[in-house]
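**Q** take a look and give me a structure for this.
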Amino acid sequence: MNLYLLRHGQAGERGDARYPDDSQRPLTPEGRRKMRRIAAGMRALDLEFDAFLSSPYLRARQTAEIAAAACHATDKLQLADELAPDGDARRLIGLLQAKHAAAENVLLVGHEPYLGHLIGVLLVGKAGLPVGLKKGGLCMLSVEALAYGPCAALEWLLTPRQLVKLGG
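**A** Take a look at the predicted model:
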């Protein structure tokens with residue numbers, strides 16, 4: 001299985017009075033524009049996904065919708081509480097094992113520092129590996145047998161700028 005981890009795009013400021021509930025902070029207009037360019041870069045890489053799982057937080061869901069539309073796969077998008085900022089990585093791994101074990105390529109859309117911690121757990125067995133994704137950054141991990149612990153190899157990590165350049 002190949003796991004692709006995508007951090008949500010640029011969103012409204014934390015603490016903005018318009019969004020007293022952090023889960024409702026949307027992508028900014030610039031965040032939407034940049035995500036469309038990032039998604040074009042993903043398309044230029046000929047990425048295809050069997051499943052799209054997204055945090056239910058608005059900014060992540062909007063990011064996932066843009067990526068799914070670019071890949072002509074909006075019907076594959078699912079929300080997963082396990083990808084929320086306070087999500088449980090063990091439960092996420094269990095969900096992937098139970099519902100997506102046969103999937104070859106899965107895109108996970110979420111937040112930092114959660115995604116960075118997940119990368120650390122899958123690469124070396126513990127959170128704390130200093131891997132961070134910029135907003136709109138994309139990481140690819142290859143996994144032989146998915147488990148909570150060291151089971152993956154880092155194939156690549158692309159910054160938003162690199163993805164935009166790939167998209168032309």
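**Q** quick one: name whatever helix or strand follows the top helix by length along the chain.
**A** Using DSSP state H, we find that the single longest helix of the chain is helix 29-44. For helix 29-44, the following helix or strand on the C-terminal side (DSSP states H and E) is strand 51-54.
**Q** residue 5 and residue 139 touch, don't they?
**A** Yes: using CB atoms under 8 Å, residue 5 is in contact with residue 139, at 4.6 Å. Backbone N, C-alpha and C define where each C-beta goes, glycine included.
**Q** and these two? which has more neighbours close in?
**A** Remark: of residue 5 and residue 139, residue 5 carries more neighbours, 24 against 21, as counted by other CB atoms under 10 Å.
**Q** list the beta-bridge partners for that one.
**A** For residue 5, the beta-bridge partners are residue 108, residue 139 (DSSP bridges).
**Q** residue 77 now?
**A** Bridge pairing for residue 77 (DSSP bridges) gives the partners residue 52.
**Q** and it, what pLDDT?
**A** Residue 77 carries a pLDDT value of 95.
**Q** and residue 14, how many residues sit next to it?
**A** If you count neighbours by other CB under 10 Å, residue 14 ends up with 8.
**Q** quick one: contacts for the residue nearest to it when sequence neighbours are not counted?
**A** Nearest residue to residue 14, sequence neighbours excluded (CB to CB, 6 or more residues apart in numbering): residue 22, at 6.7 Å. Neighbour list for residue 22: 14, 57, 85 [criterion: CB atoms under 8 Å, 6 or more residues apart in numbering].
**Q** helix, strand or coil: sort out the first one for me.
**A** Taken by DSSP: H, G, I helix; E, B strand; the rest coil, the conformation at residue 14 corresponds to coil.
**Q** surely it meets residue 25?
**A** Yes: counting by CB under 8 Å, residue 14 touches residue 25, with 7.2 Å between them.
**Q** show the pLDDT at the residue nearest to residue 14.
**A** Residue 22 is assigned a predicted lDDT (pLDDT) of 91.
**Q** before we move on, what about residue 129?
**A** Note on residue 129: pLDDT of 82.
**Q** show me where the chain has its helices.
**A** Counting by DSSP H, the chain has helices at residues 29-44, 58-70, 89-99, 114-124, 160-167.
**Q** just say which of those is most tucked in.
**A** Greatest average neighbour count among these goes to helix 58-70 (a mean of 23), per mean count of other CB atoms under 10 Å.
**Q** much appreciated, bye for now.
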